[in-house]
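S.K.: make a model of this:
(chains A and B)
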Amino acid sequence: MSTAAEIGVWGVPLAILGGAIRVSTPFLFVSLGETLTERSGRINLGLEGTLVFGAMTGYAIAYETGSAWLGVLAAALAGSVFGLFHGWICRFKGVNDIAIGIAMMLLGMGLAFFFGKPYIQPVAPDLPAISFGWWSDIPQVQAALQVNALFILGAFLAVAMHWMFRSTRIGLTIRVVGDSTDAARAIGLNPNTVRLLSTAAGGALAGVGGAYLSLYYPGSWTEGISSGQGLMAVALVIFARWNPILSFWAALLFGGAGALGPALQSVGVTSGYYLFFAAPYVLTLGLLILTSSPDKAMDGAPGELSITK
Amino acid sequence: MSDTTTASPSGASVAFAQWLPRIEAVVIPLAALLGGLLVFSVFLLVLGKSPVDFYGLIYKAGFSTPFSWQNTLSRVSPLLFAALCVALPARLGLVVIGGEGAIVLGGLAAAVLGTMLIGAPSTLGLLVMAIGAAGIGALWIGAVGWMRFKRGVNETIASLLMAYIAIALMNHFVEGPFRDPASLNKPSTAPLPDSLRVGDMPIGIEVHWGFAVGVLACVLAWVLIDRTTIGFAARIAGDNVRAAQVQGLPVGKLIIGFTALGGAFAGLAGFFEASAIHGAANGSLVAGYGYTGILVAFLARHNPLAIIPVAILLAGFEASSGLIQRRMDLPDATILVMEGIVFVVLLFSETLYGKIAVFDPKFWGGRA
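M.R.: Numbers count the residues shown, from 1 in each chain, chains lettered A, B, ... in the order given. Below is the predicted model of the structure:
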């Protein structure tokens, strides 16, 4: 406690900053995945289930092989299978993408709990972190600046995805399909295939987000590992206006809200812990209320997206 | 509907053709249920487990003896209420999936009111608790409807976020202001006195009154939706909001009213859980009934009367979970996997409507 006293109240914003970086990574990956899927005109509400299944798969494979990175890869593969299935089943007429998302969320969690039972006790290897706090003697600063490799990868991915949407043929294809099925057909694109691949890629990213949960922070596999991060990330995409760069900042903001409770707890504020725990949900809801509109379509929304139509 | 009635030649086939969509609406979900169970059987076979044993155990644990029926029927009540919380807003085209939050807060409200009413007459006390639970549920899910109507906030995401907030609130109150100091390992509110516990129905097996009230709620919801002008207006608004507004229907009141009513029912589920089952509010209120209720409502195609048999069936599945774990060495999530598979197959079956020849009046000789 003596070291905490040295930096005093500065410990709180520092812990929130460090926590924001730690907590935001799953938000970042899921929201980038959902941005990709929604830009193609489909919504996958099932990413919460994909996240949980990715967390289980990542942990199980990391434990079995001894390599955390193989775990991440396996989680991405599992996530893409969930995405492919969602994308495939939504091609059929009359099948509602939102309802399928709910069903896939429940199925994904059920399968993760089913196969994850034997992996609750064992300890799997962690993902490596890079220390950016070497210049400081203060342990809190060093702890806050321990940045996981996946966070950095996610940040690069956000920039790359932004560039892809703006300047590449693939990005343009996805945007055209997302804005108008008819226009896409008219220029010879197959909207269902583009959406299938976008949903699969989105699922893979959500799986990686899940692997981060079980392999780095909190760093173990339990059935309560996700508390709605996958769902909040879907809401975050709306708030970030389907923009990957804005998604990055929004993920940091949500991470900070999620780190609020533990940060206050670390300096001795323990009353109302559960209320601080609710902060990210309240923040998400508040932002949704502020940024939604009852009559006009949202800026930047893909035209074919059922959620904004 | 209208084209089938005008197109058919004779009186008898008019009546028959009118029934075709209803038969279709029963046969397809039933087939989807069986199809889902079949897919799950394949899943079991791949794992080297016997589907015959599995379904045999479900029958044994859920539906074979008075004791197993007691086991099943005591779980039906929260599923009925939770499914109504999905089915009522669904009439307006809204997908509300956060009933779990209203159940949890309803249970908390009932238990807290109960601790304040110790010594009050039993009937009055229970009534106040039930009204409090329904009230907080109505407020909670009604707020989702309000956000949808006033701000265009997506109700599916909002309701699930509200469920997480509700669980955090319940944890806060149960571990803080309303914690019974005597509850050491599992933080709870003070235990309810016997006079404020809902008892069993006089039917020979131990099933509390929540079952009867839940069935009554389904019947009343059916009357509201199917037999009143309010229900008719809701269906029009569900089909086309713009058209309903042009006709001068109070779309806002319908949305807020239907979501609030659904939330009130979910709150009642919490009241019965707290008063009849747990005797206090604690973490056990977060039992996932709200999520199973979503599947019940979808299987029943959001028809409140159909919710009753579907809820009994799924309650039987969940009641057999313990026996399946012990006898077949399968994890407790097995029932979750089965429900998830049935849900996916069911939603897939939506694509079959209007594609099966037997349900087309033309198949029976009518002109289209």
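S.K.: from here on, contacts and neighbour counts on C-alpha atoms
M.R.: Fine.
S.K.: for B:Leu196, see how far away B:Ala111 is.
M.R.: Applying CA to CA, to the nearest Å, the value for B:Ala111 to B:Leu196 is 9 Å.
S.K.: and if you look at A:Leu196?
M.R.: 55 Å.
S.K.: what parts of the stretch 101-250 of chain A come near chain B?
M.R.: A:103-104, A:106-108, A:110-111, A:113-114, A:117, A:227-228, A:231-232, A:235 (CA under 8 Å from any CA of the partner chain).
S.K.: show me what contacts the one residue in the stretch 151-300 of chain A that gets nearest to chain B?
M.R.: Closest approach between the stretch 151-300 of chain A and chain B, counting by CA to the nearest CA: A:Pro294, at 4.0 Å. A:Pro294 makes contact with B:Arg148, B:Phe149, B:Lys150, B:Arg151, B:Gly152, B:Val153 under the criterion CA atoms under 8 Å, 6 or more residues apart in numbering or on different chains.
S.K.: quick check: chain neighbours aside, which residue is closest to the closest residue to chain B within the stretch 1-150 of chain A?
M.R.: When scored by CA to the nearest CA, the stretch 1-150 of chain A has A:Leu107 as its residue closest to chain B, at 4.1 Å. Nearest residue to A:Leu107, sequence neighbours excluded (CA to CA, 6 or more residues apart in numbering or on different chains): B:Gly340, at 4.1 Å.
S.K.: A:Leu196 and B:Leu196: which is more packed in?
M.R.: Neighbour totals were compared for A:Leu196 and B:Leu196, and B:Leu196 leads with 27 against 23 (other CA atoms under 10 Å in any protein chain shown).
S.K.: quick check on the residue of the stretch 51-200 of chain B found nearest chain A: phi, psi?
M.R.: With distances taken as CA to the nearest CA, the stretch 51-200 of chain B approaches chain A most closely at B:Gly152, which sits 4.0 Å away. Per-residue torsions, B:Gly152: phi 70, psi 20 (degrees, to the nearest 10).
S.K.: before we move on, what about A:Ser131?
M.R.: Dihedral angles (degrees, to the nearest 10) for A:Ser131: phi -90, psi 120.
S.K.: isn't it right up against A:Val147?
M.R.: Yes: using CA atoms under 8 Å, A:Ser131 makes contact with A:Val147 at a distance of 6.2 Å.
S.K.: between these two, which one's more packed in?
M.R.: A direct count of neighbours by other CA under 10 Å for A:Ser131 and A:Val147 places A:Val147 higher, at 19 against 14.
S.K.: pull up the pairing partners for the stretch of helix or strand that one belongs to, direction included.
M.R.: Using DSSP states H and E, A:Val147 sits within strand A:146-148. Using DSSP bridges, the strands paired with strand A:146-148 are strand A:129-131 (antiparallel).
S.K.: name the residues that touch the partner strand?
M.R.: By CA under 8 Å, 6+ apart, strand A:129-131 touches A:Gln142, A:Leu145, A:Gln146, A:Val147, A:Asn148, A:Ala149.
S.K.: any idea of the mean pLDDT in that strand?
M.R.: Here strand A:129-131 scores 87 as its mean pLDDT.
S.K.: repeat that for stretch A:103-114.
M.R.: 96.
S.K.: so which residues make contact with it?
M.R.: Applying CA under 8 Å, 6+ apart, the contact partners of stretch A:103-114 are A:45-50, A:52-53, A:56-57, A:86, A:223, B:331-334, B:336-337, B:339-341, B:343-344.
S.K.: inside strands: which ones of these?
M.R.: Nothing among these maps onto strands, per DSSP state E.
S.K.: any idea how far the strand holding A:Val147 is from the chain center?
M.R.: From the chain centre to the centre of strand A:146-148 is a distance of 17 Å (CA atoms, centre = their mean, to the nearest Å).
S.K.: need the contact partners of that strand.
M.R.: A:Gly18, A:Ile21, A:Arg22, A:Leu127, A:Pro128, A:Ala129, A:Ile130, A:Ser131, A:Phe132, A:Gly133, A:Tyr216.
S.K.: so where do the helices sit in the stretch 201-350 of chain B?
M.R.: B:210-227, B:229-239, B:241-246, B:251-272, B:289-299, B:304-319, B:321-328, B:334-348 (DSSP state H, counting those that start in this stretch).
S.K.: who are the packing partners of the fifth one?
M.R.: Which is helix B:289-299. Contact analysis of helix B:289-299 by 3 or more CA pairs under 8 Å, 6 or more residues apart in numbering or on different chains; DSSP states H and E lists helix B:76-90, helix B:99-116, helix B:304-319, helix B:334-348 as its packing neighbours.
S.K.: go again with 6 Å.
M.R.: helix B:76-90 (3 or more CA pairs under 6 Å, 6 or more residues apart in numbering or on different chains; DSSP states H and E).
S.K.: flag every residue of the stretch 201-350 of chain B that's near chain A.
M.R.: B:Pro331, B:Ala333, B:Leu336, B:Val337, B:Gly340, B:Phe343, B:Val344, B:Phe348, B:Glu350 (CA under 6 Å from any CA of the partner chain).
S.K.: filter the residues you listed down to the buried ones.
M.R.: B:Pro331, B:Ala333, B:Leu336, B:Val337, B:Gly340, B:Phe343, B:Val344, B:Phe348, B:Glu350 (16 or more other CA atoms under 10 Å in any protein chain shown).
S.K.: which among the residues you listed gets closest to B:Leu34?
M.R.: B:Phe343 (11.4 Å; CA to CA).
S.K.: pretty sure B:Gly145 is touching B:Gly257, no?
M.R.: No: under the criterion of CA atoms under 6 Å, B:Gly145 is not in contact with B:Gly257, lying 8.1 Å apart.
S.K.: neighbour-wise, which of the two wins?
M.R.: For B:Gly145 versus B:Gly257, neighbours defined as other CA under 10 Å are more numerous around B:Gly145 (30 against 19).
S.K.: out of everything not next to it in sequence, what's closest to that one?
M.R.: Distance criterion CA to CA, 6+ apart; nearest residue to B:Gly145, sequence neighbours excluded, is B:Ile256 at 4.8 Å.
S.K.: which intervals of the chain have sub-threshold pLDDT?
M.R.: Using chain A. A:1-8, A:296-297, A:307-309 (pLDDT under 70).
S.K.: wrong chain, I was asking about chain B
M.R.: B:1-13, B:366-368.
S.K.: show me the domain layout of it.
M.R.: For chain B, the domain assignment from automatic domain parsing gives the residue ranges B:1-49+B:335-368, B:72-329.
S.K.: centre of the chain to the shortest one, how far?
M.R.: Relative to the mean C-alpha coordinate of its chain, domain B:1-49+B:335-368 is positioned 22 Å out (CA atoms, centre = their mean).
S.K.: give me the contact list for stretch B:220-231.
M.R.: Applying CA atoms under 6 Å, 6 or more residues apart in numbering or on different chains, the external contacts of stretch B:220-231 come out as B:Pro304.
S.K.: so how far is that stretch off the chain centroid?
M.R.: In terms of CA atoms, centre = their mean, the centre of stretch B:220-231 is found 18 Å from the chain centre.
S.K.: what residues of it count as buried?
M.R.: B:Ala221, B:Trp222, B:Leu224, B:Ile225, B:Ile230, B:Gly231.
S.K.: tilt between the helix or strand where the residue of the stretch 1-150 of chain A closest to chain B lies and helix B:334-348?
M.R.: Secondary structure assignment for A:Leu107, by DSSP H and E: helix A:97-116. Relative orientation of helix A:97-116 versus helix B:334-348 (axes from the mean of the first three to the mean of the last three CA atoms, to 10 degrees): 160 degrees.
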